[in-house]
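Trainee: Sequence and computational prediction follow.
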Amino acid sequence: MIVAELALYQLARLLSRSQVAHSTEMKAALRDQAANTAYRADEMSRVLAAIDRYGLRIQGADVLDLGCNDGALTAQFAVRQPRSVLGVDVDAKAIARAQRERAVPGVEYRVSTTTQLPVASESLDTIVSYDVFEHVEKPAVLLAECRRVLRPGGKMLIGSWGWYHPFAPHLWSTMPVPWAHVFVSERTLLRACHRVSLSPWYTPTHFELDANGNRKTNAYTEESIPTSYLNKYFVRDFERVFMDSGLTWQLDLQPFGAVPWTKPLLSLPVVREYFHGYFWAVLEKPHS
Ligand SMILES: C[S@@+](CC[C@H](N)C(=O)[O-])C[C@H]1O[C@@H](n2cnc3c(N)ncnc32)[C@H](O)[C@@H]1O
């Protein structure tokens with residue numbers, strides 16, 4: 001619908017200078033690959049805080065960073081003196097970058113597949129998967145693998161969000177309009193993003209530039225976001241997968257942004273899908 005597309009475009013233009021979708025630091029991080037990697041590396045303090053809050057073990061443990069990309073976080077686990085750290089990802093190019101640029105003693109990187117982890121059964125104490133599970137095509141299959149590779153008593157920490165999170169489609173820079181994907185079809189959403197990306201007032205991110213620094217003309221021309229990129233799982237879908245995983249689990253939903261009034265909304269079944277900012281899930285392999 002052209003009216004919805006134009007309305008969304010205008011809203012995006014209005015909000016593009018705001019910090020609604022992302023902070024100044026996040027905007028700077030999107031300028032090039034190196035800045036993005038440095039920004040990701042800074043996320044480690046958030047991950048370590050969650051590791052401590054939920055009682056996961058790193059010191060002396062065999063640790064897996066599941067969905068490690070180019071290892072921006074992985075190598076940093078070494079600070080906590082683990083027995084071993086392994087980073088795996090389905091993205092072979094990212095793993096090659098990690099092996100090239102983040103080789104640290106005791107830290108290894110391997111390519112995994114969507115159905116199999118390249119890890120021996122019952123060989124890990126701790127699995128951390130940060131900002132990954134919204135991308136996982138078959139979360140139930142991957143969790144079955146996690147169950148296989150964890151030792152009894154081993155724990156897993158997942159940090160992710162559901163599909164009705166205000167910015168779930170990962171269209172950060174072109175679409176700073178919260179819940180845009182809830183209000184219009186994906187086709188309209190992507191057309192509005194395409195329009196934004198070609199506007200003279202818009203500064204493209206490094207994801208939208210080709211190797212020569214020119215704007216890719218074919219960005220946002222798909223009809224929908226492929227589920228091989230984002231699985232579009234709601235919080236309740238993740239809960240069902242956790243429930244069927246054979247692992248004990250607890251879910252901690254965080255409110256959206258620094259808006260305290262959204263906190264009570266997180267206990268309401270449907271409403272929480274819209275107002276959560278992030279979730280941490282802690283899963284444990286029982287001693288059978
Ligand atoms: C947003 S990145 C997060 C990277 C890293 N955890 C960090 O925080 O910097 C998501 C990563 O998940 C990976 N991924 C998606 N599905 C996966 C799967 N089934 N198994 C392993 N990695 C996967 C992607 O290739 C991508 O590198």
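Mentor: Received, thanks.

Trainee: for the helix ranked longest in the chain, what is the average pLDDT?
Mentor: Criterion DSSP state H: the longest helix present in the chain is helix 2-15. Rounded to a whole number, the mean pLDDT of helix 2-15 is 94.

Trainee: got the buried residues for it?
Mentor: Ala4, Glu5, Ala7, Leu8, Tyr9, Leu11, Ala12, Arg13 (16 or more other Cβ atoms under 10 Å). To be clear about C-beta, it is placed using only N, CA and C from the backbone, and glycine gets the same treatment.

Trainee: How about the secondary structure of the closest residue to the last one other than its chain neighbours?
Mentor: Sequence neighbours aside, Trp201 is the residue nearest to Arg13 in space, at 6.8 Å (criterion: Cβ to Cβ, 6 or more residues apart in numbering). Three-state secondary structure (criterion: DSSP: H, G, I helix; E, B strand; the rest coil) places Trp201 in coil.

Trainee: If you tally nearby residues, what's the number for Trp201?
Mentor: 8 (other Cβ atoms under 10 Å).

Trainee: Equivalent analysis for Pro118, please.
Mentor: Pro118 has 11 nearby residues by other Cβ under 10 Å.

Trainee: What of Ala144?
Mentor: Neighbours of Ala144 using other Cβ under 10 Å come to 17.

Trainee: Roughly how far does it sit from Asp131?
Mentor: Distance of Ala144 to Asp131, given as Cβ to Cβ, to the nearest Å: 21 Å.

Trainee: And the helices in the stretch 51-200 of the chain, which stretches?
Mentor: Using DSSP state H, counting those that start in this stretch, the helices assigned to the stretch 51-200 of the chain run over residues 92-101, 139-149, 180-183, 186-197.

Trainee: which one of those lies closest to Pro264?
Mentor: helix 180-183 (20.7 Å; Cβ to Cβ).

Trainee: Tell me how far the closest one lies from the chain's centre.
Mentor: 19 Å (Cα atoms, centre = their mean, to the nearest Å).

Trainee: quick check, Lys263 in a helix?
Mentor: Yes. Looking at Lys263 with three-state DSSP, it is inside a helix.
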